[in-house]
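Pasting the sequence and the predicted model now:
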Amino acid sequence: MERPSIRQLEYFVAVAKHLNFREAAESCHVTQPALSTQLQHLEALLGVQLFERDTRRVVATAAGVDLAAQASKILGETDSLLDMARAEGEPLTGRLRLGAIPTVAPYILPAVVQVTRKAHPELVLLLTEDQTDRIVARLHGGDLDVLLLALDVDLHGAEEMQLFSDPFVLACPKGHPLADKDVLAESDLENQTVLLLEEGHCLRSHALPICKTSGMTEYADFRATSLGTLLQMVGAGLGVTLIPEMAVEQESLRNQNVVFRPFDEGGPSRRIGLAWRKASARKNEFADLGETIRKAFLAG
């Protein structure tokens, strides 16, 4: 019996993901007619209809949904085969798809790329920045190889490696009573109005328990989409917020009306690390990459 080709499975999974032939073709870097032809061949080979399509929309059939999940697993296993072959050859060479969260990526990735380029010149880092849930899903879906993120979140069984601890810092407007203190205790936060990021950002999930235990009250009518917007609102006097220490150097230059104050020893922090699929054949490479990232961060 003739078997589907890897290319046909890639096109099938792309259409199942986008439910749009044009977007699927663009993601696969082929023309739409070429993709449609290969998908028709796949449907004929399997003997089932995978999608219902008209001029307005594309809908996966019940068989299409089930088979797309299996096709994704097959492609993931194929990637694992290639990873094993690469690992047996020269480690940390070729392409590596790294996902990172927005409250980490801008502050350490430039240094990471620079140091990694020197330490592993044959390695090509393909970077993706997105919220935690999305990059974790893409990791398990085979779209990403390794993640750089704040740990203490649900990684759905991924293996993790802690690199370093990143303390939280209070950001408050100039003239705020807490701006006069050199070092803060969590008890200083009682009755403060705190601004937070919107749902989906792990920084919010890390900050909420701190707010609860310290007696802070969230500003209910505002949730920021980015750390930059959050600090602009702090500078405008709407309240205070918690930001990671790694962001202070850059954000203090952008936000002249904001004062940043550290907490005393044992204050709140988050764990930064790498995560990868447990079955990945490149886990030793990722551990080496982690050490490179750790050195880059500590040197910075």
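Thanks, I have the structure now. Note that the structure is predicted; figures quoted are calculated from it, not measured.

which strands and helices sit next to the longest strand along the chain?
In the chain, taking DSSP state E as the definition, the longest strand is strand 159-173. Packed against strand 159-173 by the contact rule (3 or more C-beta pairs under 8 Å, 6 or more residues apart in numbering; DSSP states H and E) you find helix 202-214, helix 227-235, strand 241-244, strand 258-262, strand 269-276, helix 283-299. Yep, even glycine has a C-beta here, placed from its N, CA and C like the rest.

most neighbours per residue, which of those?
strand 241-244 (a mean of 24; mean count of other C-beta atoms under 10 Å).

ok, back up a step: quick one: mean pLDDT for the following helix or strand past the longest strand of the chain?
The helix or strand immediately downstream of strand 159-173 is strand 193-197, counting by DSSP states H and E. Averaged across strand 193-197, pLDDT comes to 90.

Against which helices or strands is strand 193-197 packed?
With contacts taken as 3+ C-beta pairs under 8 Å, 6+ apart, strand 193-197 sits against helix 202-214, strand 217-224, helix 227-235, strand 241-244.

Rebuild those as JSON lines, extending it with distance to Leu98.
Below are those laid out as JSON lines (distance: least, C-beta to C-beta, whole Å):
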{"stretch": "helix 202-214", "distance to Leu98": "17"}
{"stretch": "strand 217-224", "distance to Leu98": "25"}
{"stretch": "helix 227-235", "distance to Leu98": "20"}
{"stretch": "strand 241-244", "distance to Leu98": "19"}
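
Next up, the contacts around Leu227.
102-103, 197, 203, 243, 247, 251 (C-beta atoms under 8 Å, 6 or more residues apart in numbering).

tell me which strands and helices the helix or strand hosting Leu75 is in contact with?
Using DSSP H and E, Leu75 sits within helix 62-88. Contacts defined by 3+ C-beta pairs under 8 Å, 6+ apart place helix 62-88 against helix 6-18.

Which positions in the helix or strand that comes right after the helix it packs on come out as buried?
Downstream of helix 6-18, the first helix or strand assigned by DSSP H and E is helix 21-28. Residues of helix 21-28 classed as buried under the neighbour-count rule (16 or more other C-beta atoms under 10 Å) are 21, 24-25, 27-28.

same check, this time on stretch 116-130
Buried, per 16+ other C-beta under 10 Å, within stretch 116-130: 116, 120, 123, 125, 130.

First-to-last residue distance for it?
21 Å (C-alpha to C-alpha, to the nearest Å).

could you give the mean pLDDT of that stretch?
89.

just stretch 61-72 next, same as before
Here the average pLDDT along stretch 61-72 is 91.

Show the low-confidence segments of the stretch 201-300 of the chain, by residue range.
Under the criterion pLDDT under 70, the flagged ranges of the stretch 201-300 of the chain are 300.

hmm, I was thinking of the stretch 1-150 of the chain
Within the stretch 1-150 of the chain, the segments meeting pLDDT under 70 span 1, 83-84, 86-90.

if I read this right, Leu109 contacts Ala100, doesn't it?
Yes - between Leu109 and Ala100 there is a contact at 6.1 Å, judged by C-beta atoms under 8 Å.

Which neighbours do those two have in common?
Common contact partners of Leu109 and Ala100 (C-beta under 8 Å, 6+ apart): 127, 148.

quick one, which of these two is more surrounded?
With neighbours defined as other C-beta atoms under 10 Å, Leu109 and Ala100 compare such that Ala100 has more, 22 against 19.

Contacts only, for that one.
Taking C-beta under 8 Å, 6+ apart as the test, what Ala100 contacts is 109, 127-129, 135, 147-149.
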